[in-house]
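J.: all I have is the shape, not the residue letters:
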């Protein structure tokens, strides 16, 4: 693994981390077809936990098998595979060394009611991540929920331990709870959630692609007064990257429910041109036939490589 | 204990487990008359805790004695005996080595009110399981209850410890709480609960036999769109097995309140033909006279052996 | 201490216990005038905590002094003395070795409101029991209360530790909470509570003497269908003993508020003839003048010896 | 420090304590002008936390300085100085060895609402007490509050640790919560609170001086039936002392809001003549000019010495 | 670092602290242009967490970068830089040794609703402070909130650990919750909050500049009766300093939302003349252009040096 200048620069931003953690960040940035570009595509598969197996995989029954996803991430040349405990346990040995893995350490589910009390269970540990050979832990926070403080404290405890044993920390920051539905996708709240993740010590931040809606009245006033450009998706990505310590932290985006390929590709171009570090793409991959998914991922990689 | 190809294949699916845990899974699969078939019948006796001793055993007073159940499991050639702490303590020495035991580590009771707050107390530990020579711990989760997150976290903590000391983990996954009564037996929710148990790291999953009812609107839409076959009990068992990592995890079923023998036998045939790994059968055993129960269990074994 | 066959048989039922714990059970069974009979009378003094000192001891001011009760238990030839922390601390040295003691580790009080939320504070530990030279810990559970699960988990944690250091565990199982007032004394609920205590790992179970009332509808149906004999106090004691693993666990009874001597004696005869293992008798002892109490206890001992 | 017979007798009542703790009790009983009398006057200063600094000290601004109180306790020849963490930290070195100190380990405040939920925060530890050279920890319980059980368990945990490292335990037992306002000062509830503190393992109990009101109906009936003398303050003190293991535990009293000197002195005479062990006196000391306070304390000492 | 008499005097007030903690206090008092004066200006940057990044930094985008603030604190010759975990992690190596840092260990945010339940999440630890080379931890309490007790106990636990490893403890004491809006800035409540912080063991207390409003009726009565001077800002600062153990603890003030320079300067003069130890100044610094901010800070330093 020959680390180039671009990656060395990115790693230098993680001033307080030990060589173990920096090594894991390097593994993520030097894996697959995007190695050395500073961009990443991560395959996350926790929808079976979050929405149920039928709603997620009945369309493509091969995807009930954890090995299907491991193989997809490897064959498509992605940067990492992220999943809950049991899914990693079912393939960790077969695919040892083949692809960096991220243990998604907490998960929500659709059977338990939530609303403003949105929360996730925490059925994983740093010890699990270590015994499964993971490169990072993944943790979701819901800034705005009545459980915000609890989730932040759980994250801190796990992140502190993860850093001490040389793992990286990926934070899924999803604003929700005491706000409007549109507010969960608003530029001010998503930027707020991204900034919070950085202040909480995340190495990699994952947020949704923001709309140009402004949720908070005081934020709205300031965005207008300071003429913050949020007119295009690219501009909004740039704003989010700026709130992540002006680019000192890696930021990746999810595309939400988008289904048609042009939408997916345009999102990726906006992420790339706005200075974002890549995509986390799950349902859009495994809910298509395998060959179709591989082609789509190859196109996304070419976009991030600047070839399309 | 000579392990055949079929069992070796099953064990190979537990990629992340240490030899201790694999050895315990092997013990369960190589015990009694179903040894080597990949099928299991487990005798669970926690009804005294869950419904009270009178309602459970007055019909057959010999069954107030823990030794009665140990002896039944041994004489019938079953795969394992599962019970709460005190019942195992009362026979662990007399029956040491005679039959694998599963410490049922949490239990509900009928005296405490529940509803959407359904939960179980946890009066057991991994240390208890070890000192009593158990092969596995058993833990119930109620996906859908307001205590789902808590139960998941308790399970994770115990399962992580159990795996680290070479024990197996059996998860009773009973959906209940924020859903209709029919929903507790619906194919979509039961498959969801089974899949969650796998993602939580269970080695063996125990669910109820599902009806063809579909509880969740979004799931229903997808099941219909993808034409998932749920028309027969066998098809529904096959669907549940598929959601358990396409057969990478062992799945056993309970028959609920069914009393007549034909019902019990037909359930077993559907489990067998749908690819399930066996039955957990309690009340249907100990609430019959001993000889009758032994005959019924012998017939079930023959069904799982494919002889009936 | 020469242990006879009867006691040896009782001890053999505690299959999973270490020699330390069995030795403490032997001490309780070989103490005082009932030594070797398999019967016990235990003096418990926690009424000062539960009802206040005035309501308990003003009638007999000498009883404000902890030494009074120690001396009573010794002089009457009882099996053990059970009390909260502070009371044992005040006499542990003077009476070291004179009588086995049971540290009552949790206690309720009348100043704090309860109802369905009935619970007890836990102002004691296994370490306290060890430093005070106790033979056992005593713990109360309230099956039916909204705190049932919590109390069960507290008990388990303490009992697991107690067993590991060679102490015995006495469980006061008082059903209460989500049931009628009569239900707290009903035969089905009391048997349920006794059985739960056994399943939770108690060595000695303490319940109230049950009435012939049946609280739970489903239990009532089964008791009638199976013709469980609950017509006499002796029959009800026999039923409770049966639900305690058919006599594999020691069961002692309290007589509640009964005041006249004939009532106390008749209760004891019913306990004896129903196969119970003795009485826990507090207020009926210390709320009488010392000489009267000694005479009453002597008569009770003779009843348990089968002489009266 | 030459310990006389009277003190030796008192110390002998602490049967279960190690020499370290007995040594600290001896220090308290052999300090200042009341050394050897079995009586104590303790200066507590936590009113700044409980009522705010302005309401406590504006009348005597010198008292904002922690050294003022240390010096007062030393100069007046008192038995001990009790205060929260920060106040002891500010003088622990200057006054090391000059006067025994009691770390008041929990405290209430007037900014947080309470009512039946009355509780105190616990901003102190046994380790704090040790590093500050304290002789004892002080802890308040509110029997009757909805937090009674929690406070009892916190006290137990701290007291167990304190005893194990050779410290003494002083319990402020203030009944409040689910009772009438008059009930908080009633003889039956205060005696109940004092008795509970003893049963919880307190070495020294601190309660308010009780009125002749009887709060609880059942207690009232018993007090009347047994003709308990509660007609005078002296008789009520004697009753409280009796409920504290008939004098086996030290009991000190506070005088509440009383301001005029005659009231303070008469209270002390009643405590002395009723067999109480002294006073805890705070506001009545530091809210007077220093010279006036010293004179008052000197008079109190003379009263306890039996000279006035 | 040559410590003068003034600083030596201040350090002598911290009687119970170990040399490690005193050394850190010395570092804070001997840093930058106010070294040796006993005054401090601290730059805190947690507004991105508390109000969101857009509302805080859009006006001055360079301030999205953590290095901007580190550099500002160094270039302006301030005493210390205080920030949440992630911001310190992003510059701890580059600025190691350049300026003392304070890890702000808990933080509120604007997305989570609060009111009387105002609380903060705790995403930091003493271990974090140590690995980042911090001089102190910073912790906010909200006296008056329903979480007062919890925050006090969290603070105690962290402060105890911090002191044991030679760190200093800075307490932000903001009264809020069960009081009027004006009460959050009232002289009686702010003095109360400052005094509480001292009693909780803070080395440095940070409060808002108080108004002359009196919130609590009983306090108001006493302030009027004792003629406490609260007529000018200087007098109110003096009162707060007095409640902080008559100057034995360092007290710094924030200026709230004040924007115009004259207001900022007059506040500083009042703090200086009232005996306060300096300012914590954040938004007023980073929301101005860098050169303007440096000039303002230089003027403030001159004020504290007594030159303006």
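T.: Alright, I've got the coordinates. Every value quoted in this text rests on a predicted model; they were computed, and no experiment measured them.
J.: got the residues of chain A near chain D?
T.: Residues of chain A lying close to chain D by C-beta under 8 Å from any C-beta of the partner chain: none are found. All C-beta atoms are positioned from the backbone trio N, CA, C, and that covers glycine.
J.: where exactly do the strands run in the stretch 151-300 of chain A?
T.: A:168-173, A:204-208, A:250-254, A:278-280 (DSSP state E, counting those that start in this stretch).
J.: centroid residue for chain A?
T.: residue A:206 (3.7 Å; C-alpha atoms, centre = their mean).
J.: surely it meets residue A:252?
T.: Yes - between residue A:206 and residue A:252 a contact is recorded at 5.2 Å, counting by C-beta atoms under 8 Å.
J.: identify the contacts common to the two.
T.: Common contact partners of residue A:206 and residue A:252 (C-beta atoms under 8 Å, 6 or more residues apart in numbering or on different chains): residue A:280.
J.: so is the lengthiest helix in chain A next to chain E?
T.: Longest helix in chain A, counting residues (DSSP state H): helix A:148-164. Yes - Helix A:148-164 comes into contact with chain E (C-beta under 8 Å from any C-beta), by way of A:148-150, A:152-153, A:155-156, A:160.
J.: and that helix, anywhere near chain B?
T.: No - between helix A:148-164 and chain B, judged by C-beta under 8 Å from any C-beta, nothing touches; the nearest distance is 10.0 Å.
J.: and that helix, what does it pack onto?
T.: Where contact means 3 or more C-beta pairs under 8 Å, 6 or more residues apart in numbering or on different chains; DSSP states H and E, helix A:148-164 is packed against helix A:126-131, strand A:136-141, strand A:168-173.
J.: that helix to helix B:148-164, inter-axis angle?
T.: Counting by axes from the mean of the first three to the mean of the last three C-alpha atoms, to 10 degrees, helix A:148-164 lies at 20 degrees to helix B:148-164.
J.: if we can go back for a sec, buried among the residues of helix A:148-164 next to chain E? Need that as a selection in PyMOL.
T.: The PyMOL selection below is limited to those of those classed as buried (16 or more other C-beta atoms under 10 Å in any protein chain shown):
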select buried, chain A and resi 148+149+152+153+155+156+160
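J.: output the residues of helix A:148-164 next to chain E as JSON lines; include the columns pLDDT.
T.: Output for the residues of helix A:148-164 next to chain E, formatted as JSON lines (pLDDT from 0 to 100):
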{"residue": "A:148", "pLDDT": "95"}
{"residue": "A:149", "pLDDT": "96"}
{"residue": "A:150", "pLDDT": "96"}
{"residue": "A:152", "pLDDT": "97"}
{"residue": "A:153", "pLDDT": "97"}
{"residue": "A:155", "pLDDT": "98"}
{"residue": "A:156", "pLDDT": "98"}
{"residue": "A:160", "pLDDT": "98"}
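J.: which residues does the residue nearest to the centre of chain A bridge with?
T.: Beta-bridge pairing for residue A:206 (DSSP bridges): residue A:172, residue A:252.
J.: which residues are in contact with it?
T.: Neighbours of residue A:206 in contact, by C-beta under 8 Å, 6+ apart: A:170-173, A:251-254, A:280.
J.: distance check, it against residue D:12.
T.: Per C-beta to C-beta, to the nearest Å, residue A:206 is found 69 Å from residue D:12.
J.: same check on residue A:57?
T.: For residue A:57, the distance to residue D:12 - C-beta to C-beta - is 76 Å.
J.: of the two, who's got more company?
T.: residue A:57 (26 against 12; other C-beta atoms under 10 Å in any protein chain shown).
J.: could you dump the strands of the stretch 151-300 of chain A into TSV with mean pLDDT added?
T.: Converted to TSV, the strands of the stretch 151-300 of chain A look like this (pLDDT from 0 to 100):
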stretch	mean pLDDT
strand A:168-173	98
strand A:204-208	98
strand A:250-254	97
strand A:278-280	97
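J.: can you list those in a markdown table and add distance to residue E:132?
T.: Below are the strands of the stretch 151-300 of chain A laid out as a markdown table (distance: least, C-beta to C-beta, whole Å):
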| stretch | distance to residue E:132 |
| --- | --- |
| strand A:168-173 | 16 |
| strand A:204-208 | 20 |
| strand A:250-254 | 21 |
| strand A:278-280 | 29 |
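J.: hey, where'd the strands end up in the stretch 1-150 of chain A?
T.: A:40-44, A:80-83, A:101-104, A:136-141.
J.: what's the most distant pair in the residues of helix A:148-164 next to chain E?
T.: The distance between the two most remote of the residues of helix A:148-164 next to chain E (C-beta to C-beta) is 18.5 Å, for A:148 and A:160.
J.: which residue does the stretch 201-308 of chain A have closest to chain D?
T.: Residue nearest to chain D within the stretch 201-308 of chain A: residue A:201 (27.4 Å; C-beta to the nearest C-beta).
J.: now for the least confident helix or strand in chain A by mean pLDDT, which elements pack on it?
T.: Least confident helix or strand, chain A: helix A:283-286 with a mean of 93, by mean pLDDT, DSSP states H and E. Packing partners of helix A:283-286 (3+ C-beta pairs under 8 Å, 6+ apart): helix A:53-57, helix A:66-75, helix A:290-304.
J.: need the helices and strands packed on helix A:148-164 in CSV (columns: mean neighbour count).
T.: Output for those, formatted as CSV (neighbours: other C-beta atoms under 10 Å in any protein chain shown):
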stretch, mean neighbour count
helix A:126-131, 19
strand A:136-141, 27
strand A:168-173, 28
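J.: now the ones you listed as JSON lines including distance to residue E:50?
T.: Formatted as JSON lines, these follow (distance: least, C-beta to C-beta, whole Å):
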{"stretch": "helix A:126-131", "distance to residue E:50": "29"}
{"stretch": "strand A:136-141", "distance to residue E:50": "16"}
{"stretch": "strand A:168-173", "distance to residue E:50": "16"}
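J.: just so I know, which of these lies nearest residue C:228?
T.: helix A:126-131 (49.5 Å).
J.: just how off-centre is that closest one within its chain?
T.: Remark: helix A:126-131 is offset 20 Å from the chain centroid, using C-alpha atoms, centre = their mean, to the nearest Å.
J.: same deal with stretch A:115-134?
T.: With C-alpha atoms, centre = their mean, you get 15 Å for stretch A:115-134.
J.: what's the answer for stretch A:182-196, then?
T.: Taking mean C-alpha positions (C-alpha atoms, centre = their mean), stretch A:182-196 and its chain are 15 Å apart.
J.: now swap in stretch A:129-136 and tell me
T.: Using C-alpha atoms, centre = their mean, the offset of stretch A:129-136 from its chain centre is 17 Å.
J.: mean confidence for it?
T.: Mean pLDDT, stretch A:129-136: 98.
J.: and for it, what's in contact with it?
T.: With C-beta under 8 Å, 6+ apart as the criterion, stretch A:129-136 contacts A:24, A:27-28, A:80, A:85, A:88-89, A:92, A:96-97, A:100-103, A:105, A:137, A:162, A:165, A:167-170, A:203-204, B:16.
J.: and the nearest residue to residue A:166 once chain neighbours are set aside, how many residues sit next to it?
T.: Nearest non-adjacent residue to residue A:166, counting by C-beta to C-beta, 6 or more residues apart in numbering or on different chains: residue A:20, 2.0 Å away. Residue neighbour count, defined by other C-beta under 10 Å, stands at 13 for residue A:20.
J.: residues contacting residue A:20?
T.: Residue A:20 neighbours (C-beta under 8 Å, 6+ apart): A:165-167.
J.: what's the answer for residue A:21, then?
T.: A:14, A:162-163, A:166-168, A:203.
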